[in-house]
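Participant: model the following, please.
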Amino acid sequence: MNKVILIGRLTRDPEMRTTASGTAVTRFTIAVTRTYQDQNGERSADFISCVAWRRQAENIAKYCTKGTQVAVEGRIQTGSYDAQDGSKRYTTDIICDNVTFLGSKNSDSNINNNNNNFEEQNIPTSDITEDPFKDFGEEIALSDDDLPF
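Facilitator: Take a look at the predicted model:
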């Protein structure tokens, strides 16, 4: 079985091209943070090359930019080619079956930079001095035995 699932951020804007037959293909690289820390307490990342085809390729090129967080499902494909200097080069790519957009770098930094100041963001807030469940009916008493877990 050859199945890969990754979550990471685009390291640069994706590059879409069209084959001679008119099929869209987009190449992009994502940075995936490693789960462990080095001796200095820092985490490093792996930079993984990805390729998407057809409609998915068009959507990635249209909606994703550097810093966009994506989840990639696909398979590993290896290959090789002869470089201009005569040496043999080897490649490893993720061929994307599904790419899910998780958010942009700008939206994440806006949330963090606003320090949850909802008034500046025009997000409606509720007055919690009143019981929000006062009109929900009668109270139901539950014991631990009533819970299924």
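Participant: geometric centre of this structure: which residue is closest?
Facilitator: The chain has V70 as the residue nearest its centroid, 1.9 Å off, counting by CA atoms, centre = their mean.
Participant: what's near enough to touch that one?
Facilitator: Residues in contact with V70 (CB atoms under 8 Å, 6 or more residues apart in numbering) are I7, G8, R9, L10, I30, I60, C64, V99, T100, F101, L102. Bear in mind the C-beta positions are built from the backbone N, C-alpha and C, glycine included.
Participant: what helices or strands is the longest strand belonging to the chain leaning on?
Facilitator: As assigned by DSSP state E, the longest strand anywhere in the chain is strand 88-103. Judged by 3 or more CB pairs under 8 Å, 6 or more residues apart in numbering; DSSP states H and E, strand 88-103 is in contact with strand 4-10, strand 45-53, helix 54-63, strand 69-82.
Participant: same thing but 10 Å
Facilitator: strand 4-10, strand 24-33, strand 45-53, helix 54-63, strand 69-82 (3 or more CB pairs under 10 Å, 6 or more residues apart in numbering; DSSP states H and E).
Participant: need the buried ones from the contacts of V70 selected in PyMOL.
Facilitator: Buried residues among these (16 or more other CB atoms under 10 Å), as a PyMOL selection:
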select buried, resi 8+9+10+30+60+64+99
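Participant: so which of the helices and strands packed on strand 88-103 gets nearest E138?
Facilitator: Among the helices and strands packed on strand 88-103, strand 69-82 comes nearest to E138, with 43.9 Å by CB to CB.
Participant: that's all I had, so thanks and see you.
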